[in-house]
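Engineer: with the input below, show me the fold.
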Amino acid sequence: MSEVVTRDPATGGELRRYPAHDDAAVERALADVHAAGQRWRATPLAERLAMLRHAGKLLTERRDGYAALITAEMGKPLAEAVAEVDKSAWNCRVVADLAPGWLADQPIESSAARSWVSYEPLGVVFA
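Structural biologist: Got it, this is the predicted structure:
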C-alpha cells in the first residue's frame, strides 16, 4: 500500500506517514460524506450553530497545537499560524451569530401573492 508522507519544509525531515487511499476508499469516503451531509441538512439550525460555536471554541483552546502543526507542515511563521487559527475561530463565531439572518427567507416583490428567496442546502462542497 502506498503512503503519503508529510515533511517539514524547512528541514525536509519526515513528520508523519499516512496510508494513501485507493479508488474504492475514496468512493466510500465520498459516500460517507454525502450521507453525513444529508443528516446535517436535517439538523435544526440552532444545533448546527451550536456545533459551529463549539468548533470555534475548540480552535481557540487548541490554537497552540494547531499553529505548531501549520508551521511544521507549511513552514508558515508561528505568529502567522496563530493568527490563522484565531481568524478561523473568529469566523466560526461570526458565522454562527449572523447565519440566521443570512439564511432566513427574504420576501421579494413580484406579481404573485407571495414571493421570497429561500436558501436550501445543496450538499457537501468538495475542495
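Engineer: got any ranges where this protein has weak pLDDT?
Structural biologist: 1 (pLDDT under 70).
Engineer: which elements pack onto the strand or helix carrying residue 81?
Structural biologist: Element membership of residue 81 [criterion: DSSP states H and E] is helix 78-103. If contacts are counted by 3 or more CB pairs under 8 Å, 6 or more residues apart in numbering; DSSP states H and E, helix 78-103 sits against helix 45-61, helix 63-74. Yep, even glycine has a C-beta here, placed from its N, CA and C like the rest.
Engineer: closest to residue 14 out of these?
Structural biologist: Closest approach to residue 14 among these is made by helix 63-74 (11.0 Å; CB to CB).
Engineer: go through the closest one and flag the buried ones.
Structural biologist: By 16 or more other CB atoms under 10 Å, the buried positions in helix 63-74 come out as 63, 66, 67, 69, 70, 71, 72.
Engineer: residues in contact with the closest residue to residue 82 other than its chain neighbours?
Structural biologist: Counting by CB to CB, 6 or more residues apart in numbering, residue 82 lies nearest to residue 67, which is 4.4 Å off, once chain neighbours are set aside. Counting by CB atoms under 8 Å, 6 or more residues apart in numbering, residue 67 makes contact with 78, 81, 82, 84, 85.
Engineer: likewise residue 3?
Structural biologist: Counted by CB under 8 Å, 6+ apart, residue 3 has contacts 17, 18, 19, 20.
Engineer: number of nearby residues for the residue nearest to residue 114 when sequence neighbours are not counted?
Structural biologist: Spatially, and ignoring its direct neighbours in sequence, residue 114 is nearest to residue 107 (7.4 Å; CB to CB, 6+ apart). If you count neighbours by other CB atoms under 10 Å, residue 107 ends up with 10.
Engineer: quick one, phi psi at residue 107?
Structural biologist: phi -70, psi 150 (degrees, to the nearest 10).
Engineer: show me what it is bridged to.
Structural biologist: In this entry, residue 107 is beta-bridged to residue 116, by DSSP bridges.
Engineer: so how far is residue 120 from it?
Structural biologist: Distance from residue 107 to residue 120, counting by CB to CB, to the nearest Å: 16 Å.
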